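**Q** show me how the following folds:
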Amino acid sequence: MHPDVVIVGGGMAGCAVAAHLSPRCRVTVLESSSAVASEGAAQSAGMIRRLDMEPSHRALAQRTFSYLVASDAPGLSERTGAILGLVRDPLSLHDAVAHLRASQITVTPIDPRMDTILKDSPVSMAWSLPDERVTNGPRLARHLLDTAKTNGARVQTSSAVTQLLIEDGRCIGVKTKTQTILAQHTILAAGAWSGQLAKAAGLHRPLVPLRRAAATIRSLHPVPGQAWIWLDDVGLYARPEDGGWIVSPCDEVPSWPEPGIPSIGTPDETQWQLLHNKIMRYLPSLSDADVSRGWTGLRTFCPDRRPMLGPDEDCPGLVWAAGLGGHGVSGCIGVAEAISAWLSDQPTPWLDRASVSPTRPQLRRWPIFPEGDPGRAKLVTVG
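**A** Numbering: from 1, shown residues only. Below you'll find the model as predicted:
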């Protein structure tokens, strides 16, 4: 029996959508790897970030935050607090702060010099969000998938989709190497591979995977109970973990993945040097830390840096859950709630559907941040 919905991709978005749709329809999840959440989710630092300049990311993250607070699953998330710091542009988050405060979310200005990690940093403005949380991406994905399976969803790993099936302009399902699966709705949640699958089916959707480096470091002077830190206008984050820190210089390098090849990579010398220089300059209190391991992963963006969500107006039957740009963990529950609502013709007052439409106009040339620093942006052309 064919499912009502086939979900291409068992990452954060795919697992969340499966959990939300499975109570009311037959769902099949297809994951190309041998395990779900083994790509972007496994590479994520797991910070649930609600204070973001982009309104759609704020809206999606708030839904995930609320889900995690309400969940009774042990160990699914932890309240850590967060500090959003600014070096050069102290006003850049003011609109976002006003938005969160209007939703009764606690956001307060702090003196950066009073924070243990920022005391010697050139940060000029900092916002504290004491209620922010972190989660483990793969653990959350497995929890969501267990919920879906309890409701009857089928999950097939090592099942790479090779083709979207298009008939008379409508998506009617997918093909793998071994089977054809027909479905009323095909949800494309394949991360960096989503755009390539659509392009092979004749649909051009401007999704560009950008590679970013990250590392785990261990300081000689661990700081217990520290909030995670993100310095937006220079591009650097640090999240405490097990006595050390997950850090990233927030660099961006276009990188298209090969079919069947995992997206995780190893930082090159340029990336290591960039990370070292940023820590020395912006978080000097961590400059004595040793690197435990490093990796690179892919984050997929639309040119306007908003997600690509919902039914495709040019191809009935095809539904997008892509372009999350590294916000897959933060936004996965919001993505699932929005898609579930739209497939039932229900409104989402908390999210502007047109702003994330797959067919919205996009720029051909747009800025990326090779060094993670918006002040050193580079224009790229979307092919």
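
**Q** show me what the helix or strand of the chain with the lowest mean pLDDT is packed up against.
**A** Across the helices and strands of the chain, mean pLDDT, DSSP states H and E gives its lowest value to helix 40-43, namely a mean of 78. Applying 3 or more C-beta pairs under 8 Å, 6 or more residues apart in numbering; DSSP states H and E, we find helix 40-43 packed against helix 137-150, strand 290-301, helix 328-343. The C-beta positions use only the backbone N, C-alpha and C, and glycine is treated the same way.

**Q** now with 6 Å, please.
**A** Packing partners of helix 40-43 (3 or more C-beta pairs under 6 Å, 6 or more residues apart in numbering; DSSP states H and E): helix 137-150.

**Q** who does the helix it packs on touch, helix- and strand-wise?
**A** Short answer (3+ C-beta pairs under 6 Å, 6+ apart): helix 137-150 packs on helix 12-21, helix 40-43.

**Q** and it, how far from the chain's centre?
**A** Centroid displacement of helix 137-150 relative to its chain, using C-alpha atoms, centre = their mean, to the nearest Å, is 17 Å.

**Q** related to what we said a few turns ago, keeping just the C-alphas, turn the least confident helix or strand of the chain into CSV.
**A** Taking C-alpha atoms only, helix 40-43 is exported to CSV below (Å, rounded to 0.1, in the frame of the first residue of the first chain):
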residue,chain,number,x,y,z
GLY,A,40,23.3,18.4,9.6
ALA,A,41,21.7,17.4,12.9
ALA,A,42,24.8,15.5,14.0
GLN,A,43,27.0,18.5,13.1
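
**Q** quick one: average confidence on stretch 15-31?
**A** Across stretch 15-31, the average pLDDT comes to 97.

**Q** likewise for stretch 335-350?
**A** For stretch 335-350, the mean confidence score works out to 97.

**Q** contacting residues for residue 302?
**A** Applying C-beta atoms under 6 Å, 6 or more residues apart in numbering, one finds that residue 302 lies in contact with 206, 308, 323.

**Q** once you drop chain neighbours, what's closest to the last one?
**A** Yep, that's residue 323 we're talking about. Spatial nearest neighbour of residue 323, excluding adjacent residues (C-beta to C-beta, 6 or more residues apart in numbering): residue 308 at 3.8 Å.

**Q** burial of that neighbour, as a residue count?
**A** 28 (other C-beta atoms under 10 Å).

**Q** hey, what's it bridged with?
**A** Listed beta-bridge partners, residue 308: residue 322 (assigned using DSSP bridges).

**Q** now do residue 78
**A** With DSSP bridges as the criterion, residue 78 is bridged to residue 134.

**Q** measure it to residue 117 for me?
**A** 18 Å (C-beta to C-beta, to the nearest Å).

**Q** more neighbours: which of those two?
**A** Each of residue 78 and residue 117 has its neighbours counted (other C-beta under 10 Å); residue 117 has more, 22 against 11.

**Q** dump the residue contacts of that one.
**A** Counting by C-beta under 6 Å, 6+ apart, residue 117 has contacts residue 285.

**Q** quick check: it is in a helix.
**A** No: using DSSP: H, G, I helix; E, B strand; the rest coil, the secondary structure at residue 117 is coil, not a helix.

**Q** coming back round to it: pick the most deeply packed of the helices and strands packed on helix 137-150.
**A** helix 12-21 (a mean of 30; mean count of other C-beta atoms under 10 Å).

**Q** quick revisit: the residue nearest to residue 323: what's it in contact with?
**A** By C-beta under 6 Å, 6+ apart, the residues touching residue 308 are 302, 320, 322-323, 358.

**Q** measure it to residue 278 for me?
**A** Relative to residue 278, and taking C-beta to C-beta, residue 308 is found at 30 Å.

**Q** now swap in residue 37 and tell me
**A** As judged by C-beta to C-beta, residue 37 and residue 278 stand 28 Å apart.

**Q** looking at the two, which is more packed in?
**A** Neighbour tally, residue 37 and residue 278, criterion other C-beta under 10 Å: the higher count belongs to residue 37, 26 against 23.

**Q** residue 188 touches residue 6, doesn't it?
**A** No: applying C-beta atoms under 6 Å, one finds residue 188 not in contact with residue 6, separated by 9.9 Å.

**Q** looking at these two, which has the bigger crowd around it?
**A** Per other C-beta under 10 Å, whichever of residue 188 and residue 6 has more neighbours is residue 188, with 32 against 25.
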